[in-house]
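1. Predicted coordinates and the sequence they were generated for:
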Amino acid sequence: MLPQHLLLLLTTLLHLFTSTAALGVNYGTIADNLPSPTQVANFIKTQTIFDSVKIFDTNPDILRAFANTGISMTVTVGNGDIPALANTRNARRWVANNIKPFYPQTNIKYICVGNEILFSNNQDLINNLVPALRSLHNALVKAGLGNIKVTTAHALNIFQGIAVIPSLARFRADYARSFFLPLLQFHRQTKSPFMINPYPYFSMSPKTLNFAIYKLRRGVIDRHSGKLYTNMLDQLLDSTYSAMNAVGYGDVDIVIGETGWPSQGDPSNVANVDNAMSYNGNLIRELLAGKGTPLMPNRRFEAYVFALFNENQKPGPVAERNWGLFWPNFAPVYNSGVLRNGAQTVPTPAVPAPATGKQFCVPKQGISDGQLQSNIDYICAQGVDCSPINPGGACTYPNNIRDRATFAMNSYYRTRGQTFNECNFGGTGQLTTADPSHGSCQFL
């Protein structure tokens with residue numbers, strides 16, 4: 001009989017190297033020209049090789065559309081809802097309203113609590129994240145839905161330092177013990193994955209472009225481990241594993257929540273069809289082959305490509321509206337290798353209309369009502385005309401705080417020189433070319 005410590009090691013290795021792979025896609029809906037959720041569900045099931053879908057909310061129409069399709073779903077809790085869900089009663093109510101009406105007809109696999117919380121630098125969200133994960137897990141167990149796992153997705157600002165050698169990567173010193181240890185303990189206890197959003201598109205430099213898009217012939221050697229890396233994604237995955245392993249949690253599964261490459265961007269941008277096809281095409285081939293990484297050989301990763309569609313109302317640079325593998329009419333933007341039966345028909349896509357150049361200041365997604373109200377209070381105290389969002393004003397309908405904050409933030413931006421810094425608002429604002437005017441509420 002094997003000694004206990006060897007049995008534990010064998011169990012860990014089996015978990016680490018035989019986890020079930022899944023190829024999924026992120027289904028975003030920030031657009032005004034997308035097909036119905038029912039059409040989307042049918043397309044994914046019958047025309048693509050995706051077996052999993054991740055959405056950024058709990059849209060009931062989407063959850064109903066994917067019922068009885070066999071496609072597993074990941075739903076998302078908005079960042080602003082995290083503090084409330086640290087409360088047990090609120091978590092039970094959230095599960096009762098957003099999960100129980102759809103499960104098990106819709107195969108909900110994960111609940112992703114927030115998105116890239118450390119990147120927000122919001123201490124209220126950071127401090128409440130692990131308690132919210134625990135509350136939601138306990139609420140699921142109490143409701144008899146313990147098979148649904150709870151996780152959260154991380155941007156890769158989680159490492160200490162900038163230039164990361166994969167085998168020496170460590171979590172940020174300011175959060176290693178206070179945040180990552182209890183988080184990883186939760187994942188181990190509940191058998192839920194550590195989810196990351198690795199984007200070589202955001203990590204590369206002009207010198208490392210070919211390495212990022214799987215075109216570097218010689219590869220890069222990690223001088224500490226001696227391992228050879230032929231692409232940047234493997235570096236990012238192994239950096240994550242090394243950081244987890246260094247704090248004693250190398251056995252926790254890793255899921256790729258988002259990764260992709262945009263097919264169009266601003267002039268001189270590396271976002272183009274050739275680079276997107278090279279990155280996503282090679283990514284999908286490697287994931288399906290189950291090659292693993294230098295530090296995790298033969299490991300099969302569950303991954304969600306970003307994104308299903310080009311979304312024409314996403315704010316920010318041109319690239320933000322061009323991450324999709326497909327146009328809204330289901331025509332492929334390029335051949336990514338995800339259509340069934342090897343279909344490679346790539347029609348010439350319609351060229352999106354050029355932006356007018358006028359930009360508007362709007363709140364980022366996931367900003368809490370408290371933060372939005374603080375922005376309104378500050379702006380109105382600075383002498384900006386807030387009468388349109390006061391009772392009886394032209395911009396009081398729909399009567400929600402996000403719309404009022406959007407008008408106030410844009411008015412401040414417009415009257416203070418229209419510079420990027422005037423739309424910062426402590427990291428809660430962003431610029432977009434999509435005009436948020438509606439009805440009689442016209443934005444300057």
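-> Structure received.

2. The lengthiest strand in the chain pairs with which strands?
-> Taking DSSP state E as the criterion, the chain has its longest strand at strand 107-115. Applying DSSP bridges, strand 107-115 is found paired with strand 72-77 (parallel), strand 149-154 (parallel).

3. What's the first helix or strand after the first one?
-> Tracing the chain C-terminally past strand 72-77 and defining elements by DSSP states H and E, one meets helix 82-85 next.

4. What is the subsequent helix or strand relative to that next one?
-> Remark: after helix 82-85, the chain's next helix or strand is helix 88-98, criterion DSSP H and E.

5. If we go by neighbour counts, what in that following helix is buried?
-> Of all the residues in helix 88-98, those buried under the rule 16 or more other C-beta atoms under 10 Å are 90-92, 94-95, 98. Quick note: C-beta positions are derived from backbone N, CA and C, even for glycine.

6. Same question for stretch 142-150.
-> 145, 148-150.

7. Let me see the mean pLDDT of it.
-> Stretch 142-150 carries an average pLDDT of 98.

8. what do you get for stretch 428-441?
-> 82.

9. For that stretch, which outside residues touch it?
-> Contacts to stretch 428-441, defined as C-beta atoms under 8 Å, 6 or more residues apart in numbering, come from residues 313-316, 355-364, 367, 371-372, 375, 388, 394-395, 397, 406-407, 409-410, 413, 420, 423, 443.

10. Just the buried residues of the residues you listed.
-> For the contacts of stretch 428-441, a neighbour count by 16+ other C-beta under 10 Å gives the buried set as 314-315, 359-363, 367, 371-372, 375, 388, 395, 406-407, 409-410, 413, 423, 443.

11. who does the helix or strand harbouring Ala276 touch, helix- and strand-wise?
-> Ala276 belongs to helix 273-289 when assigned by DSSP H and E. Judged by 3 or more C-beta pairs under 8 Å, 6 or more residues apart in numbering; DSSP states H and E, helix 273-289 is in contact with strand 23-26, strand 302-305.

12. Mean neighbour count and distance to Ala84 added to the ones you listed, as JSON lines?
-> Shown next, in JSON lines, are the helices and strands packed on helix 273-289 (neighbours: other C-beta atoms under 10 Å; distance: least, C-beta to C-beta, whole Å):
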{"stretch": "strand 23-26", "mean neighbour count": "23", "distance to Ala84": "25"}
{"stretch": "strand 302-305", "mean neighbour count": "26", "distance to Ala84": "26"}
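
13. Nearest to Gln185, out of the ones you listed?
-> Closest to Gln185 of the helices and strands packed on helix 273-289 is strand 302-305 (C-beta to C-beta; 21.2 Å).

14. For the nearest residue to Thr432 once chain neighbours are set aside, list the residues it contacts.
-> Spatial nearest neighbour of Thr432, excluding adjacent residues (C-beta to C-beta, 6 or more residues apart in numbering): Pro315 at 2.9 Å. By C-beta under 8 Å, 6+ apart, the contact set of Pro315 is 362, 430-434.

15. and His137, how far is that from Thr152?
-> According to C-beta to C-beta, to the nearest Å, His137 and Thr152 sit 12 Å apart.

16. more neighbours, these two?
-> Per other C-beta atoms under 10 Å, whichever of His137 and Thr152 has more neighbours is Thr152, with 28 against 24.

17. From Pro436, how far out is that one?
-> Taking C-beta to C-beta as the measure, Thr152 falls 29 Å from Pro436.

18. How about Gly393?
-> 16 Å.

19. Over to Asn390?
-> Distance, Asn390 to Pro436, by C-beta to C-beta: 18 Å.

20. Have a look at those two and say which one is more surrounded.
-> Using other C-beta under 10 Å, the more surrounded residue of Asn390 and Pro436 is Pro436, with 18 against 12.

21. any idea which element the most centrally placed residue in the chain lies in?
-> Most central in the chain under C-alpha atoms, centre = their mean is Glu258, positioned 5.1 Å from the mean C-alpha point. If you go by DSSP H and E, Glu258 is part of strand 254-259.

22. picking that back up, is it possible to export the helices and strands packed on helix 273-289 to TSV including mean pLDDT and distance to Pro200?
-> Below are these laid out as TSV (pLDDT from 0 to 100; distance: least, C-beta to C-beta, whole Å):
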stretch	mean pLDDT	distance to Pro200
strand 23-26	98	16
strand 302-305	98	13
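
23. and Gly28, how far is that from Ser374?
-> As judged by C-beta to C-beta, Gly28 and Ser374 stand 28 Å apart.

24. of these two, who's got more company?
-> Just comparing Gly28 and Ser374: by other C-beta under 10 Å the higher neighbour count belongs to Gly28, 20 against 15.

25. what sits against that one?
-> By C-beta under 8 Å, 6+ apart, the contact list for Gly28 reads 55-56, 307-309, 311, 314.

26. Now do the longest strand of the chain and strand 254-259, the angle between them.
-> Calculated by axes from the mean of the first three to the mean of the last three C-alpha atoms, to 10 degrees, strand 107-115 forms an angle of 70 degrees with strand 254-259.

27. So what's the gap between strand 107-115 and the chain middle?
-> On the basis of C-alpha atoms, centre = their mean, to the nearest Å, the separation between the geometric centre of strand 107-115 and that of its chain is 11 Å.

28. per-residue confidence averaged over it?
-> Average pLDDT, strand 107-115: 98.

29. which other residues reach that strand?
-> For strand 107-115, contacts defined as C-beta under 8 Å, 6+ apart pick out 52, 54, 56, 63, 66, 69-79, 82, 85, 99, 102, 125, 129, 132-133, 136, 140, 148-153, 192-193, 195, 197, 255, 257, 366.

30. Moving along the chain from that strand, name the first helix or strand you hit.
-> Going down the chain from strand 107-115, the next helix or strand is helix 117-120, by DSSP H and E.

31. buried sites along stretch 318-338?
-> By neighbour count with 16+ other C-beta under 10 Å, stretch 318-338 contains the buried residues 318-328, 330, 332-338.

32. Then stretch 221-240?
-> Neighbour counts over stretch 221-240 (16+ other C-beta under 10 Å) mark 222, 225, 227, 229-240 as buried.

33. Could you measure from the residue nearest to Tyr214 when sequence neighbours are not counted over to Asn115?
-> Closest residue in space to Tyr214, ignoring its immediate chain neighbours: Asn282 at 3.7 Å, by C-beta to C-beta, 6+ apart. Asn282 sits 26 Å away from Asn115, going by C-beta to C-beta.

34. Check Leu156 too.
-> Leu156 is 13 Å from Asn115, by C-beta to C-beta.

35. got it, and Thr419?
-> Distance of Thr419 to Asn115, given as C-beta to C-beta: 28 Å.

36. Just give me the neighbour total for Val270.
-> 17.

37. Counting neighbours, what do you get for Val308?
-> Actually, residue 308 is Leu. It isn't Val. Counted with other C-beta under 10 Å, the neighbours of Leu308 add up to 29.

38. give the contact list for it.
-> 25-28, 40, 44, 53, 324-326.
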